[in-house]
Structures are given as C-alpha cells and as structure tokens.
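J.: Below are the sequence and a predicted model for it; my questions follow.
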Amino acid sequence: KLQRYSEAHKALDHVANMEGEIYPVIEARAQLYEAQADTTQLFAYLEKVVANNPDDSQIFRLLIVNAMEHGRADFAEKEILLRLKDSPQNPDYQIGLYYVYSIYKPDKEDEMWDILQRVANNNLIEENFRAEVLDNLAEHLRTQNKPLDKLYDIFDSAISSPLKSGIIPATYYFLLKKQNATTERILPVLERIIEIEPESETTYRMIIQLCHENNDVEKIIELCRKAQLYMPSELLYYYLEAHYQYEELHADGVIEILERGLKNNKDEDTDLHVDVYNYLADCYFEINESQKAFAYYEKTLAIDSFNVQALNNYAYYLSLLDERLDYAEELAIRMLKAEPNNPTYLDTQAWILHLLGRTSEAKVIMRQAISLDTTGDDTLLLHYAEILAAEGDAFMAEMYYKRALEAGGDKEYIDRKIGELKNK
C-alpha cells in the first residue's frame, strides 16, 4: 500500500514537472494525503501551495473545505477573516465564512446572520446561488420550528437591492406562501418581481388573484394596463380590465378595450376568445348595435358550437327583436341538448315558441322551467303569465302576473297587463 502511495506521488511529481503545480495536481495530491489519513502532510502541503498562490481562490477554497471537514473550523474562520479584511466583497470568502458559521460553528449565530446579510446583497454572487442559500436556510429553520423574522429582514434587504432576475423575490414569495403570510406581506414581493421582470405573466396572474380576493379593483386595473404595455398581444389583460372597468365605463368603454385587445392579439381562436366574443356581443346588443352583437355570437359558435351562453343570449335577443325566430329556435334546441334542465334556457325556448304562435308547446316547456326554477325569477313568472294569457286562461295568467310582481317585476307593466285581462 505504501509503495502504491509512493508511486502515485511520483506520478503527480512527473505531471507537475511538465505542467506545473496546477489545480488538478493539487487536488489529486490532497486526495492522496486524505487516503493516507495523513492530515499533517495534507495541511502542510495545502498551506504551502496557498502561500505560493495567494490570489488563487480555488486553491484557498480547497484548504478551507479540508479544514472544516477535519475539525479545524477555528483555523478556517481565522484565515477567511484575514482575507476579508483586504477583499470584503469577495464572494468565495463570504460564502466560505457563512458555511463555517452555519454548519461548523453554530454558537456564532450573530456572526452567521451578519455574513448572510452580506452574501444576500452581494451582486458579485450569482442570484440563483444566493436564492438557494436563503431557501436552504429557510427550510432548515422551518423544520426546526425556529422564527424566520431575521431571514425575512434579509430577504427584504436583498430584494430591495439591484437585481437582474426575479429568482430571489420568487424564493421569498414561496416561503411566505408556505408560512401563510398575509396579502400585505406577499404583495410587495410579487410587485418587485414585476419591476425586475415586467413580462412575468405568471406573476401578474398571482397578483391579480390576490387583489381580487381583497377587492382591490384599482390595483387590478393598474396591473392590467401595465401588462398591456409590456405584453400587448396578451388578450387576457384586456379582458380582465374590461371586466373590472364595466361599472365605470359601461358597454362603450368595454368595447373599446376588447376591440383593442383583439387587434393586438395574433393568436388563433382560443377559449379566451370565446369569452371575449361573448362579452363584446352582449355589450354591442346593450348599445343597440344588434348586427355587430350577432356577428360576435356567430364567431363564438364557430369555435364552440355548444357554448350555452352564446346560444341562449343570441336566441333570446333574436326573440326580443322578433327576428329570424326559426333560427332562434334552432339555437335554443342546441342549447337544451347541452343543458336540458336549465330553467333559464327552457324559458328562452318557450318564449321563442310563443312568438312563433306555438303557444301550447310553449306552455308545457314554460311549466317545466317554472318547476325547475328555485330562485323565483320574475322574468320566468312574467313569461308564463304572458303565455297563459295568450292561451285565454285569464285566471291563471293573473295569478302568475301577481307572482311576477311580488318577485320584483315591473309594476307599471304588470298592472297594465292585469287590467287588459279584466277588460276582455
């Protein structure tokens, strides 16, 4: 065995004579002393090569790692501190000292937090590595049920410093989520990711969800507009802005936002397009531009032929205008294939049949709609009264007119219809 070690050293000497005492030789010789369990020779050799290469951080790191692994943490701490005096921002020295304190000298907790603060804010250290260090410590503290306040402070400081990516604030966010932190604590962290990576779509969605849960409409609108600026082709943010702006802008304003979103969006028709087309159709009908509304319903149905929202609204609006009632009936039949027991959809079909003069059929379907409805909807009750009146059943028609009135129906209209029944 001794002979083999001797031969190995001679082989390394031969390489060193040709190539110099390069790092692979140094590392191999250290491993050889390690295999021989000769720590005296190991450290004598490493200290010598470090002295001969004072600016080589890789060789110095090899010395420090071996020192820590062989119970010489005090030596490692002393050597690193000496170097940090001359190079306080050196990443290797800072990281090395952090590992000395966090793993080998747990009694020096204050010193550990101090050097961690420096590591976390050192822009010479890769952000991914800093995030990993912080995440590992967080997991350790969590498993030990130790407080995280100091770590939060370090994260807060780190995300406030200049950053090139969102990895550190993202790591902080996931820690806060695990700890069930408040929205007030989480929101600024996510906003910092947006500042660094303004095209981080996932982050926009997370912030919008938080703001929705807290009913912060102004913040949602602000985020949607910012997202439109950096990601103008993303239709979602036009749709969300339109949704949350409806009460203030009404149909005209919503149409402007959604049409702008469609103009900027280059995607093929998607599920989101279906929602946008439906929204535009409803808004156009609201401002009495029925042909534009119907064109958008057709676009919706071209993507999703059984979209019940489009089928119901399209069919019902056609009935309100007394237009293309046969086509409206086709739409209603298709809609009821998808949801045969929906009272609103049954009401739409019954009303179309009533307008087509097929009152008996309408009455049967309307009775089914009333029996399935659990809300006491005044529109359904009113429609049933109208159908009963058309059939000549004045007694039952008056009863349902009164029920519609009790459910919140238009008093002036209903009183007039009851009066007409009594004058017949």
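T.: Looks like it came in fine.
J.: Glu298: how many residues sit nearby?
T.: 13 (other CB atoms under 10 Å). Backbone N, C-alpha and C define where each C-beta goes, glycine included.
J.: what about it, helix or strand, and which?
T.: In the assignment (DSSP states H and E), Glu298 maps to helix 290-303.
J.: List the buried residues of the helix or strand just after that helix.
T.: Going down the chain from helix 290-303, the next helix or strand is helix 308-320, by DSSP H and E. Residues of helix 308-320 classed as buried: 308-319 (neighbour count, 16 or more other CB atoms under 10 Å).
J.: ok so, going back, relative orientation of the helix holding Glu298 and helix 308-320 in degrees?
T.: Taking axes from the mean of the first three to the mean of the last three CA atoms, to 10 degrees, one finds helix 290-303 and helix 308-320 inclined to each other by 150 degrees.
J.: Give me the helices and strands touching helix 290-303, please.
T.: Counting contacts by 3 or more CB pairs under 8 Å, 6 or more residues apart in numbering; DSSP states H and E, helix 290-303 packs against helix 271-286, helix 308-320.
J.: can you do 10 Å?
T.: Secondary-structure packing of helix 290-303 (3 or more CB pairs under 10 Å, 6 or more residues apart in numbering; DSSP states H and E): helix 271-286, helix 308-320, helix 325-338.
J.: can you give me how far the helix ranked longest in the chain is from the chain middle?
T.: Longest among the helix segments of the chain by residue count, using DSSP state H, is helix 235-264. Centroid displacement of helix 235-264 relative to its chain, using CA atoms, centre = their mean, to the nearest Å, is 21 Å.
J.: what's the model's confidence in it, averaged?
T.: On average, the pLDDT along helix 235-264 is 93.
J.: Let me see the mean pLDDT of stretch 171-189.
T.: 95.
J.: err, stretch 57-67, not the other one
T.: Stretch 57-67 comes out at a mean pLDDT of 93.
J.: Contact partners for Glu298?
T.: Glu298 makes contact with 277, 281, 310, 314, according to CB atoms under 10 Å, 6 or more residues apart in numbering.
J.: per-residue pLDDT, it?
T.: Listed pLDDT for Glu298 reads 97.
J.: circling back to that earlier point, among the buried residues of helix 308-320, which one lies nearest to Pro188?
T.: Gln309 (37.7 Å; CB to CB).
J.: Excluding sequence neighbours, find me the nearest residue to the closest one.
T.: Asn278 (5.5 Å; CB to CB, 6 or more residues apart in numbering).
J.: same question, Arg260
T.: Closest to Arg260 by CB to CB, 6+ apart is Tyr238, at 6.4 Å.
J.: Near the one you found, how many other residues are there?
T.: Neighbour tally, Tyr238, other CB under 10 Å: 27.
J.: pretty sure it is touching Tyr244, no?
T.: No: checked against CB atoms under 10 Å, the pair Tyr238 and Tyr244 is beyond contact range at 11.3 Å.
J.: Identify the residues contacting the residue lying closest to Asp269 once chain neighbours are set aside.
T.: Computed as CB to CB, 6+ apart, the closest residue to Asp269 that is not its neighbour in sequence is Ile303, at 4.7 Å. Residues near Ile303 by CB under 10 Å, 6+ apart: 268-271, 273-274, 277, 310.
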